[in-house]
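>>> Make a model of this:
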Amino acid sequence: MRWLAALALLASPAAAVTCEDVDHLGASYTICDVGFDQDLQLFLRDDNGDILGSFSAVEAHTHLPLLFAMNAGMYHEDRSPVGHYVEDFVEEMRVISNDGPGNFGLLPNGVFCIGDTFKVFETLDFLAREPFCSDATQSGPMLVIDGALHPRFIPNGTSKYIRNGVGTFDDGTRAVFAISNEPVNFHDFATLFRDVIGADNALYFDGKVSRLHAPANNRSDFGWQLGPIIGVLPSQ
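Next comes the predicted model:
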């Protein structure tokens, strides 16, 4: 957690989001720390209802530069969200609570909620609590659940991809986003959130399509068009 304390000292509400490269279990990751006093939002469609799909399209839509952005949840071929999605209090997709094929259905999965705090909820807990969320995105699987790894993860898993996700803490004051800079398995990615970041709960966003926009680090990944995007805009 020493790196987190250092980032907190460097950060300020008007400053760019601070990202740091770290090594864990022989792989490189980039970790970005977002405080609750920063303007973190979800983005999916433009004013015509068309999917934005890229960091540059979000900036054109908002007429503001993104201080940080990342893909934020799995999506169908038409790039609509697979799971629960709320943007600016408007629900586009309901909560999906049943299991299913693919990583999304590897229960337990979860929901990242931007509300009175930043919070990753396990999906059934989210349904039971019905928290206030101005923005929310569901994905899966959960990486860390109340400090424990997802029970299906194995240390030497052979399925490796560039992966990204988000972790939160019980006080709800910050969200920490991470992306691997090389292919990693679920177990190693989850232990990054548990052991390095120290997140109480963490949620997997996606793999293979994972991308990061971090202009303060001179980085803006490109590739396939995206579905949901999460990003920080300058304070107005």
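>>> where's the residue nearest to Gly165 when sequence neighbours are not counted, which helix or strand?
The shortest distance from Gly165 to any non-neighbouring residue, by CB to CB, 6 or more residues apart in numbering, is to Tyr204 (4.6 Å). From N, CA and C alone the C-beta is placed, and that goes for glycine too. Per DSSP states H and E: Tyr204 is located in strand 201-207.
>>> low-scoring pLDDT stretches of the protein, where are they?
1-15, 101, 236 (pLDDT under 70).
>>> Recalculate using a threshold of 50.
Along the chain, segments meeting pLDDT under 50 span 1-14.
>>> Just give me the longest strand of it.
Longest strand of the chain, by residue count under DSSP state E: strand 27-35.
>>> Counting neighbours, show which residues of that strand come out buried.
Residues 27, 29-35 are the ones in strand 27-35 that count as buried (16 or more other CB atoms under 10 Å).
>>> about what we covered before: check which helices and strands the strand holding Tyr204 sits against.
If you count contacts as 3 or more CB pairs under 8 Å, 6 or more residues apart in numbering; DSSP states H and E, strand 201-207 packs onto strand 68-71, strand 110-115, strand 118-122, strand 133-139, strand 142-145, strand 163-168, helix 186-191.
>>> One more pass at 6 Å, please.
Where contact means 3 or more CB pairs under 6 Å, 6 or more residues apart in numbering; DSSP states H and E, strand 201-207 is packed against strand 142-145, strand 163-168.
>>> Using CSV, please lay out those together with distance to Asn185.
Converted to CSV, the helices and strands packed on strand 201-207 look like this (distance: least, CB to CB, whole Å):
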stretch, distance to Asn185
strand 142-145, 12
strand 163-168, 9
